[in-house]
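Asker: sequence and predicted structure, then a few things I'm wondering about:
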There are 2 protein chains.
Amino acid sequence: MHNLSSYHSKYRVVLYSMTIDDLDARLISLLTAEPRLGVLECSRRLGVARGTVQARLDRLIARGVITGFGPDVSPAALGYDVTAFVSMEIRQVAGHDPVAHQLARIPEVLEVHTITGDSDLLCRVVARTNADLQRVIDQIVDVRGVLRTNSIIALDTPVPYRVLPLVADVPRREQRSP
Amino acid sequence: MHNLSSYHSKYRVVLYSMTIDDLDARLISLLTAEPRLGVLECSRRLGVARGTVQARLDRLIARGVITGFGPDVSPAALGYDVTAFVSMEIRQVAGHDPVAHQLARIPEVLEVHTITGDSDLLCRVVARTNADLQRVIDQIVDVRGVLRTNSIIALDTPVPYRVLPLVADVPRREQRSP
DNA sequence: TCAAGCAGTGCACAACCTGTCTAGCTATCA
DNA sequence: TGATAGCTAGACAGGTTGTGCACTGCTTGA
């Protein structure tokens, strides 16, 4: 098996983790900016052959770097204007998995993490209004194993979720340590 | 201006907010499951005319329900295995915007919210290792206006970010209240 | 030092899909 | 009742995709 991270570049450091190329980063950036672009148009914009773009994309997907091209849905546009982070303590006897499984059945729960610190779980929820948030929190509290919850409302989101700066940074980090 | 939410359905309630149809929900679900599907294939799967799918998609995008089709990048696949939530207090004199602006310059900061509660800002950060997380937090603390931070590490993510259950739930909510 | 393997390039082909337009039909709303 | 909006079905040209091939250049390992 050949070294995944040392091919075809004099600058690339030999790291035993999967990294991405500058071309990969530019490809991801391009597709993020204009997602409807086809492979052919990408190859034109990037100045490489179509087969290269096709191969890069396949590889990024195969490696799990790109997990999908799903449509990004805005909960706010659906009327879910309230976002909150709910942390909770759970009864430790049964572990956290059954609780997370029950939380997953609530559509308004968008994300669940197990965390360090005073609480055990942190989840992101959305609701239509503050009153509706109460309904969602009630559903969470009703989950068997949930002992106490603590809610924090997100008033504004000055930086919405993004990965692009990270993607652009990876190849530069590689080059800086020859 | 005509009523956006009452067209073409005997079940739909007149709500003065933008909602989605059952067909919209099925379209989004389908595209989420198999994002590489074209419009024509979608129309076949959904059993409607191609023009309908095209029109629905255009409308969903125009309304802001679908904000994009960007490639979903997994930070973990890029070597950023550590996810943490960092809440912070900031100096109130200058407001929170300049702080958020500086935080946005840190690639590892994926998301920033202004929040209720003891802290002022909550952000999601990623890092390569726990030691690397220290580096990122140091960068955050160095931001002018940041007084104190509190970090919570996400050990596991039993429910990764998803919107699909919410999307599927919206049309059913509409029907339930005639 | 040399052969092998991997990326990339350029080209070709058929099949398919997209964007766009038309026309007719139906349901809703004023 | 008339006007409007949405869905269907069909059509068209043009571009794009998936795939295969041969060739080049670089890196690797014997």
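Answerer: Perfect, thanks for sending it.
Asker: tell me where chain A has helices.
Answerer: For chain A, the helices defined by DSSP state H occupy A:22-33, A:39-46, A:50-63, A:97-103, A:130-142, A:164-176.
Asker: tell me which of those helices approaches DNA strand D most closely.
Answerer: helix A:39-46 (3.2 Å; Cβ to the nearest atom of the strand). C-beta: built from backbone N, CA, C; applies to glycine.
Asker: and the closest one, C-alpha only, in CSV?
Answerer: Listed next in CSV are the C-alpha coordinates belonging to helix A:39-46 (Å, rounded to 0.1, in the frame of the first residue of the first chain):
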residue,chain,number,x,y,z
VAL,A,39,-18.0,18.7,-13.4
LEU,A,40,-17.1,20.2,-16.7
GLU,A,41,-17.6,23.7,-15.6
CYS,A,42,-15.5,23.1,-12.5
SER,A,43,-12.7,21.8,-14.6
ARG,A,44,-12.8,24.9,-16.7
ARG,A,45,-12.8,27.2,-13.7
LEU,A,46,-10.0,25.3,-12.0
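Asker: elements contacting it?
Answerer: Using 3 or more Cβ pairs under 8 Å, 6 or more residues apart in numbering or on different chains; DSSP states H and E as the contact test, the elements touching helix A:39-46 are helix A:22-33, helix A:50-63.
Asker: in the last one, what's buried?
Answerer: Meaning helix A:50-63. A:52-53, A:56-57, A:60, A:63 (16 or more other Cβ atoms under 10 Å in any protein chain shown).
Asker: same thing with stretch A:22-41?
Answerer: By neighbour count on 16+ other Cβ under 10 Å, the buried set for stretch A:22-41 is A:22-28, A:30-32, A:37, A:39.
Asker: can you redo those as a markdown table with distance to DNA strand C and pLDDT?
Answerer: Formatted as a markdown table, these follow (distance: Cβ to the nearest atom of the strand, whole Å; pLDDT from 0 to 100):
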| residue | distance to DNA strand C | pLDDT |
| --- | --- | --- |
| A:22 | 10 | 93 |
| A:23 | 6 | 96 |
| A:24 | 9 | 96 |
| A:25 | 13 | 96 |
| A:26 | 12 | 96 |
| A:27 | 10 | 97 |
| A:28 | 14 | 96 |
| A:30 | 15 | 96 |
| A:31 | 15 | 95 |
| A:32 | 18 | 93 |
| A:37 | 11 | 92 |
| A:39 | 11 | 96 |
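Asker: ok so, going back, what is the nearest of the buried residues of helix A:50-63 to DNA strand C?
Answerer: Relative to DNA strand C, the closest of the buried residues of helix A:50-63 is residue A:52; by Cβ to the nearest atom of the strand it sits at 3.1 Å.
Asker: if you count contacts, what does the helix or strand bottoming out on mean pLDDT in chain A end up packed against?
Answerer: None of the helices or strands of chain A scores lower by mean pLDDT, DSSP states H and E than helix A:164-176, at a mean of 84. Contacts defined by 3+ Cβ pairs under 8 Å, 6+ apart place helix A:164-176 against helix A:22-33.
Asker: brilliant, that's me finished.
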